[in-house]
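> how does the following fold in three dimensions:
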Amino acid sequence: MDAVLQRVKTGYRRLAARYPALDTFRPNRLVFGNIRPMRQNLRYLQYWRECRRVHPGGDGAAAGPVVQEAVRKLRTDGYYIFPPQDPGLVQTIAQKVERLAAAGQTSVDELEPWMIQISHCVRDVPEIFQFLRPEIVATLEAAFRSHFKIYSAEIYRLVPTERSMEASGLWHTDNYPPAVLKAMVYLTDCDQTSGALRIHPWPGTRRLLRSGFFDRYQSERFADRLNRGWVAMEGRAGSVVLWNSNVVHRATPPKGAIRDAAAFKFLPSKEPWDRHLARVGEGVSYERRNRAVPDDPSAD
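Have a look, this model is predicted:
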């Protein structure tokens, strides 16, 4: 496998030197679900391979049927929803978030003021990492077939709005390189009226990409297709939505209430996630990351 990947990389470098436009060639979005430079996609694949060599995780069979089903759904549909387990933990975190929001420990993006970030969540709400219970850890390790690390962690609140949707509120993909997964943990009950994420599972996403959809500002042109076939990520407080955000999706503002959630981004790793977190600490805070994903996935 390593020899094959090396030949692909060598062949690509030769072609890219001759045809610079290859880096943003349309097939990237069909193969990788993104329009990132091919060399970055290959860098992520190489790093992922190295992580799997260090810790060759299995397919989750040893962890039981829940993990097996979660991994299967991630691969076929792009998501899996774990039911809530610890209402006491959810309540503790929800109360902390309410106090931080009331004290103004928040930040707001001018483009999307209906999405409110809780500042310094890793420092002020370290309990969020307890949401990574054993079956979720086992699912991530089985999906990556390696250790994983938390690249970023955040807590945010959605509030009702009458504004026209922009950015996250439009149908889009996150344009991430291979081997990036996300999780959302609802801190409030969430359904279609209270801000549930909407996604097109992998089969529908692939049809949309093949038909030419990619950029969120094409939403009007593809409105008929985008507005049917989607699934709402509904769940009670404490539910964990594990998903691949290169599926076509959109955020939706709640109606008449608020929706709070913690969110994580995961990458493969050569060391266990808790060891990485102990070493990096507050460095995984959302506001300390200066890009959606690192250019070099091996960097902390």
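> low-scoring stretches of this structure, by residue?
The model of the chain has pLDDT under 70 over residues 1-28, 30, 59-61.
> report the beta-bridge partners for the residue most central in space within it.
For the chain, residue 182 is the residue whose C-alpha lies nearest the centre (CA atoms, centre = their mean; 2.5 Å). When bridges are assigned using DSSP bridges, the partners listed for residue 182 are residue 243, residue 265.
> and it, how far from residue 237?
19 Å (CB to CB, to the nearest Å). All C-beta atoms are positioned from the backbone trio N, CA, C, and that covers glycine.
> same check, this time on residue 187
Where residue 237 is concerned, residue 187 sits at a distance of 6 Å (CB to CB).
> and the two? which has more neighbours close in?
Between residue 187 and residue 237, residue 187 has the larger neighbour count (other CB atoms under 10 Å), namely 28 against 18.
> that one: what's it in contact with?
Contacts here follow CB atoms under 8 Å, 6 or more residues apart in numbering; on that basis residue 187 touches 90, 93, 94, 97, 155, 237, 238, 260, 261, 262.
> repeat for residue 128
93, 121, 122, 153, 155, 185, 262.
> can I assume the fifth one sits in a helix?
No: Residue 155: not assigned to a helix; according to DSSP: H, G, I helix; E, B strand; the rest coil it is strand.
> residues near it, how many?
Summarising burial for residue 155: neighbours were counted as other CB under 10 Å, giving 27.
> do the same with the second one
Using other CB under 10 Å, residue 121 has 26 neighbouring residues.
> didn't it look like it was pressed against residue 154?
Yes: A contact is recorded between residue 121 and residue 154 when judged using CB atoms under 8 Å, the distance being 6.0 Å.
> list the residues that contact both of the two?
Residues touching both residue 121 and residue 154 (CB under 8 Å, 6+ apart) are 262, 285, 286.
> dump the residue contacts of the last one.
Residues counted as contacts of residue 286 (CB under 8 Å, 6+ apart) are 117, 121, 152, 153, 154, 263.
> ok, now how distant is residue 185 from residue 74?
When residue 185 is compared with residue 74 (using CB to CB), they lie 16 Å apart.
> sorry, back to before: any common contacting residues for residue 187 and residue 237?
With contacts defined as CB under 8 Å, 6+ apart, the residues adjacent to both residue 187 and residue 237 are 90, 94.
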